[in-house]
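>>> Here is a sequence with its predicted model. Questions after.
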Amino acid sequence: MSWLDRLQHRWNAKNSWQVIAILLTFICTGFTVLLIKKPILLFLFGSDIPLWAKVVYYLLILPIYNLFLLGYGFLLGQFNFFIQFEKRFFIRIASYFKKNR
């Protein structure tokens, strides 16, 4: 069983092309988040970016990442997969915080 078949089974994808579209969505989202960091921080702080700003960026990028993920998922025809992915993600986060109260 190839890695593509394993992902197809794990994600309940209909075919290998859907797996490739899902992987492309993750790739595009990651690159977008990577590419927007420097221009945003330069716009806000100029050439001298404080360390705390970088830390705050990484904390705030999670909701932005999720929006990009849904956006690219929509563009690549995988919106339903990613909306379910987001639901599972936030349920896991909520249950973690509920358990560790």
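Sure thing, it's come through. Note that the coordinates shown come from a computational prediction; the quantities given were computed from them, not determined experimentally.
>>> any idea how far Leu69 is from Gln18?
Plainly put, Gln18 is 16 Å away from Leu69 if you go by C-beta to C-beta, to the nearest Å. To be clear about C-beta, it is placed using only N, CA and C from the backbone, and glycine gets the same treatment.
>>> Just want to know which of these two has more residues nearby.
Between Gln18 and Leu69, Leu69 has the larger neighbour count (other C-beta atoms under 10 Å), namely 23 against 18.
>>> which non-adjacent residue is nearest the more buried one?
Excluding its sequence neighbours, the residue lying closest to Leu69 (C-beta to C-beta, 6 or more residues apart in numbering) is Thr29, at 4.8 Å.
>>> quick one: contacts for that neighbour?
The contact partners of Thr29, taken as C-beta atoms under 8 Å, 6 or more residues apart in numbering, are 65, 68-69, 72.
>>> Now list the buried members of the residues you listed.
Among the contacts of Thr29, those classed as buried by 16 or more other C-beta atoms under 10 Å are 68-69, 72.
>>> want to try TSV for these, with pLDDT as columns?
Formatted as TSV, the entries for the buried ones among the contacts of Thr29 read as follows, by pLDDT from 0 to 100:
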residue	pLDDT
Phe68	96
Leu69	96
Tyr72	98
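>>> Can you lay out these as JSON lines showing distance to Leu35?
Below are the buried ones among the contacts of Thr29 laid out as JSON lines (distance: C-beta to C-beta, whole Å):
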{"residue": "Phe68", "distance to Leu35": "11"}
{"residue": "Leu69", "distance to Leu35": "15"}
{"residue": "Tyr72", "distance to Leu35": "13"}
